[in-house]
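[1] got a predicted structure here, sequence first:
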Amino acid sequence: MKKPIIKVIIPAVNEEESIAKVIAEIPELITEIIVVNNGSTDATAKVASNAGAIVLNEPNKGYGNACLKGLNYIATNTPKPDIVVFLDGDYSDYPEEMTAILKPILNEKIDFVVGARASELREKGSMTLPQRFGNWLATFLMRLLFNSTFTDLGPFRAIKYSSLKKLNMQDKTYGWTVEMQLKVLKNKIPYKEVPVRYKKRIGTSKVSGTIKGAIFAGFKILGWIFKYSL
């Protein structure tokens, strides 16, 4: 069996202190690492490039905008991947656990895997109260409305490229993760969660680190859920 082509997309805003650490710990089985510099005012782009990543610039702020930029690059370049992995650039995840996230896709009949930040594996203080409540509420509603088994909206995730294209992802900001999971449910794409560790990020969160960001993210997440429940 041929070696799978796996590409990683890392949205990054002002992550010059963490991005090289993230890149260095990504497993060797990855074909290409794509860092999307989403309007950073520091040396994120330079540090990422020096660490060996392909660096794209997306001046329009928004997590979804950065992810869409990475997907557009993939769609217009060869070779096309078999699998796409999404990973944050703040070093809160453990990049070496990518092998565990990829395993169900490579060895089972699974197309989509979420790295679930299990409470017993999280470093104390790594997730804020708004993050924990938002995850609980969103996944509770998904279980109630869509018979889902998701327990987390964790951004560390992998999906077969063929399935990802079917989702027609659109959200440009904080609703990206929940949009993907809802569309996976709607399209009956086989999915699974894999428990992963989670630690305090380097630097300040652009979403949960501000009241405005947390509230906006909450509205976006609930908006997607109720849109698909109608």
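    Happy to help now that I have it.
[2] where does G115 land in three-state SS?
    strand (DSSP: H, G, I helix; E, B strand; the rest coil).
[3] cool, and the one 10 residues further on?
    Applying three-state DSSP to G125 yields a three-state assignment of coil.
[4] wait, it touches K200, no?
    Yes - G125 is within contact range of K200, at 5.9 Å (criterion: Cβ atoms under 8 Å). C-beta here means a position set from N, CA and C on the backbone, and glycine is covered the same way.
[5] so the two - more neighbours on which side?
    K200 (13 against 8; other Cβ atoms under 10 Å).
[6] any idea how far the more buried one lies from K2?
    As for K200, its distance to K2 is 39 Å (criterion: Cβ to Cβ, to the nearest Å).
[7] likewise L29?
    13 Å.
[8] of these two, which one has the most company?
    Between L29 and K2, counted using other Cβ under 10 Å, the more crowded position is L29 (12 against 5).
[9] now do the helices in this protein.
    19-24, 44-50, 63-75, 98-107, 129-146, 161-167, 176-186, 211-229 (DSSP state H).
[10] show me what contacts R197?
    Contacts for R197 were tallied using Cβ atoms under 8 Å, 6 or more residues apart in numbering; they are D93, Y94, E97, R117, L121, R122, E123.
[11] and the residue nearest in space to the middle of the chain, what is it in contact with?
    With distances taken as Cα atoms, centre = their mean, P155 lies nearest the centre of the chain, 3.0 Å away. Neighbour list for P155: Y63, F86, L87, D88, D93, T177 [criterion: Cβ under 8 Å, 6+ apart].
[12] output those in a markdown table; the columns should cover neighbour count, pLDDT and distance to P130.
    Shown next, in a markdown table, are those (neighbours: other Cβ atoms under 10 Å; pLDDT from 0 to 100; distance: Cβ to Cβ, whole Å):
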| residue | neighbour count | pLDDT | distance to P130 |
| --- | --- | --- | --- |
| Y63 | 25 | 96 | 16 |
| F86 | 25 | 98 | 21 |
| L87 | 25 | 98 | 22 |
| D88 | 20 | 97 | 17 |
| D93 | 24 | 97 | 19 |
| T177 | 26 | 95 | 15 |
